[in-house]
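In: Mind folding the following:
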Amino acid sequence: MMELQETEGLIGKLLIAMPGIDDERFEKSVILLCAHTEEHAMGIVLNKEMGDLRLPDLLDQLNVPIIGLLPDEPVLHGGPVGQDRGFVIHSEDFESAGATVNITDGLRLTATKEILNAIASADPPNRSRLALGYSGWGPNQLEAELKQNVWLVADADEDIIFDTDFDEKWARAMKKLGVSPSQLQPGTAGSA
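Out: Presented below is the predicted three-dimensional model:
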């Protein structure tokens with residue numbers, strides 16, 4: 001069994017919402033946990049789109065010059081906190097000194113305009129995913145939710161993180177754990 005006091009051991013893990021989660025904002029969510037200390041935890045929802053907002057449209061609104069080929073991908077709804085702020089999960093081939101955080105081997109997080117300029121450049125990061133907002137937990141909140149079986153925990157999977165099959169990410173993350181969603185009973189899971 002995972003020792004919940006080892007908070008840094010959860011950084012880079014996927015949190016997979018259990019059926020019956022009390023907060024519909026997180027129903028069938030898959031979250032990449034990017035930070036976890038005794039004071040807080042922070043993650044990005046990987047499978048919820050921000051309405052019809054597309055990456056090229058957002059960069060155009062932010063006056064980011066598009067130099068390279070920019071994929072017409074949706075912007076993700078990273079969570080209910082700080083929705084006016086952008087967060088980019090990306091491959092390790094980009095770094096902004098003092099602003100880029102290592103999540104795991106091969107995965108980083110940057111929340112500055114420099115990463116947006118890099119995405120729109122002729123030499124973008126190999127892989128990236130932009131989200132507005134994040135999911136946050138206060139002291140011991142995530143640990144309590146884990147004890148209440150609100151979330152399943154899985155190792156990060158770059159295919160799940162970066163692909164654009166948003167409707168299937170939750171089921172694929174469950175399958176990665178060897179769990180069939182049809183075998184899970186909705187319960188009284190808490191909220192995040």
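In: Leaving out chain neighbours, which residue sits closest to the residue most central in space within the chain?
Out: In the chain, the C-alpha nearest the mean C-alpha coordinate belongs to residue 44, at 2.6 Å (C-alpha atoms, centre = their mean). Take residue 44 and drop its neighbours on the chain: the residue closest to it by C-beta to C-beta, 6 or more residues apart in numbering is residue 78, 4.3 Å away. In this view, the C-beta of every residue, glycine as well, is placed from N, C-alpha and C.
In: Would you check how far apart that neighbour and residue 179 are?
Out: Noted for residue 78: a distance of 24 Å to residue 179, by C-beta to C-beta, to the nearest Å.
In: how about the spatially most distant residue from the centre of the chain, what does it touch?
Out: In terms of distance from the mean C-alpha position of the chain, residue 67 ranks first, at 26.5 Å (C-alpha atoms, centre = their mean). Residues in contact with residue 67 (C-beta atoms under 8 Å, 6 or more residues apart in numbering) are 120-122.
In: coming back round to it: so what strands line up beside the helix or strand where the residue nearest to the centre of the chain lies?
Out: Using DSSP states H and E, residue 44 falls within strand 41-45. Using DSSP bridges, strand 41-45 pairs in its sheet with strand 30-36 (antiparallel), strand 128-137 (antiparallel).
In: which residues touch the following helix or strand past that strand?
Out: From strand 41-45 onward toward the C-terminus, using DSSP H and E, the following helix or strand is strand 49-54. Here strand 49-54 makes contact (C-beta under 8 Å, 6+ apart) with 72-77, 131-132, 166.
In: Could you name the helices and strands sitting against the helix or strand just after strand 49-54?
Out: Per DSSP H and E, the first helix or strand lying C-terminal to strand 49-54 is helix 55-61. Helix 55-61 is packed against strand 74-77, helix 113-119, with contacts defined by 3 or more C-beta pairs under 8 Å, 6 or more residues apart in numbering; DSSP states H and E.
In: Just the mean pLDDT for helix 55-61, thanks.
Out: Average pLDDT, helix 55-61: 96.
In: That one: which residues count as buried?
Out: 55, 58-59 (16 or more other C-beta atoms under 10 Å).
In: want to try JSON lines for those, with distance to residue 32 as columns?
Out: Converted to JSON lines, the buried residues of helix 55-61 look like this (distance: C-beta to C-beta, whole Å):
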{"residue": "55", "distance to residue 32": "18"}
{"residue": "58", "distance to residue 32": "20"}
{"residue": "59", "distance to residue 32": "22"}
